[in-house]
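[1] Sequence and predicted structure below; questions after.
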Amino acid sequence: MSDSPIYIVDLDVSLEDAPLFAERGMRWMEAMGIAVPSPEAEVAFSPVSHAPGPGIARWAEWINEHSNNGIGAIVGRRVYNAGPQKVEALRCPCCSAALDAGSVPWDQLISAWYDGGRGELECSSCRQSASINQWRFLPLAWGLGNLAFGFDGPGVDDALALELGKVLGHRMVAVFDKF
């Protein structure tokens, strides 16, 4: 089992709609041969419903061959991060300006978002405000969302996130979790 799962996080789905979109995403991955049902599959040592299928090769940069490799949908408000990595900056979703993380109370905004609020952050460059889950964390991606697709074993990246986003009609981000 890999100790570095990758999560493709849906940035747009509401908590109420997340189960429906989880099912749609998993059905699409089954149809594409990316995921196949498996009762023994795991993501980050947690049971999930699917294992990598032969279609994963098109989307994976690498595949760790392990009998418990898994793919699964995770529903619930959650923060996916790059493990114990330092956040250096946050990129504005409106103008792409990068704000120094030390000048932004991003941890408090994440807490507000996690508690059900928006955790609004105003960009000092363009003066537009957006929920903290819309901002990009640098240098390694974070994802704040109500739905994620976890991959343990295959090294998927932004290409699959973009395609899954097209299928679901939402913006997605790939988060490499190193714990």
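    Here it is on my side, so go on.

[2] what ranges do the helices span in this protein?
    18-31, 106-114, 158-168 (DSSP state H).

[3] I'd like the ones you listed written out as CSV, with distance to residue 37 added.
    All C-beta atoms are positioned from the backbone trio N, CA, C, and that covers glycine. Converted to CSV, the helices of the chain look like this (distance: least, C-beta to C-beta, whole Å):
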stretch, distance to residue 37
helix 18-31, 8
helix 106-114, 32
helix 158-168, 18
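
[4] Among those helices, which comes closest to residue 133?
    helix 106-114 (5.7 Å; C-beta to C-beta).

[5] which strands and helices sit next to that closest one?
    strand 70-80, strand 120-122, strand 143-152 (3 or more C-beta pairs under 8 Å, 6 or more residues apart in numbering; DSSP states H and E).

[6] just these: most buried one?
    Across the helices and strands packed on helix 106-114, averaging neighbours per residue (mean count of other C-beta atoms under 10 Å) puts strand 143-152 on top, at a mean of 27.

[7] distance of residue 67 from residue 153?
    10 Å (C-beta to C-beta, to the nearest Å).

[8] More neighbours: these two, which one.
    Of the pair residue 67 and residue 153, residue 153 is the one with more neighbours under other C-beta atoms under 10 Å, namely 26 against 11.

[9] So the closest residue to residue 125 other than its chain neighbours versus residue 133, what's the distance?
    Residue nearest to residue 125 in three dimensions, not counting chain neighbours: residue 97, with 3.7 Å by C-beta to C-beta, 6 or more residues apart in numbering. Residue 97 sits 18 Å away from residue 133, going by C-beta to C-beta.

[10] again with residue 87
    14 Å.

[11] I figured residue 153 was touching residue 63, is that so?
    Yes. Counting by C-beta atoms under 8 Å, residue 63 is a contact partner of residue 153 at 6.3 Å.

[12] joint contacts of these two?
    Listed as contacting both residue 153 and residue 63 by C-beta atoms under 8 Å, 6 or more residues apart in numbering are 52, 69.

[13] Out of the helices and strands packed on helix 106-114, which gets nearest to residue 14?
    Closest among these, once you apply C-beta to C-beta, is strand 143-152, at 6.4 Å.

[14] who's more crowded, residue 97 and residue 133?
    residue 133 (23 against 14).

[15] how near is the residue lying closest to the more buried one once chain neighbours are set aside to residue 168?
    With C-beta to C-beta, 6+ apart as the criterion, residue 133 has its nearest non-adjacent residue at 3.6 Å, and that residue is residue 144. Here residue 144 is placed at a distance of 17 Å from residue 168 (C-beta to C-beta).

[16] and the chain, what are its domains?
    Segmentation of the chain into domains, based on automatic domain parsing, reads 6-81+144-176, 89-138.

[17] Deepest-packed of those domains, please.
    Note that of the domains of the chain, domain 6-81+144-176 is the most buried (mean count of other C-beta under 10 Å), with a mean of 19.

[18] Great, nothing more from me.
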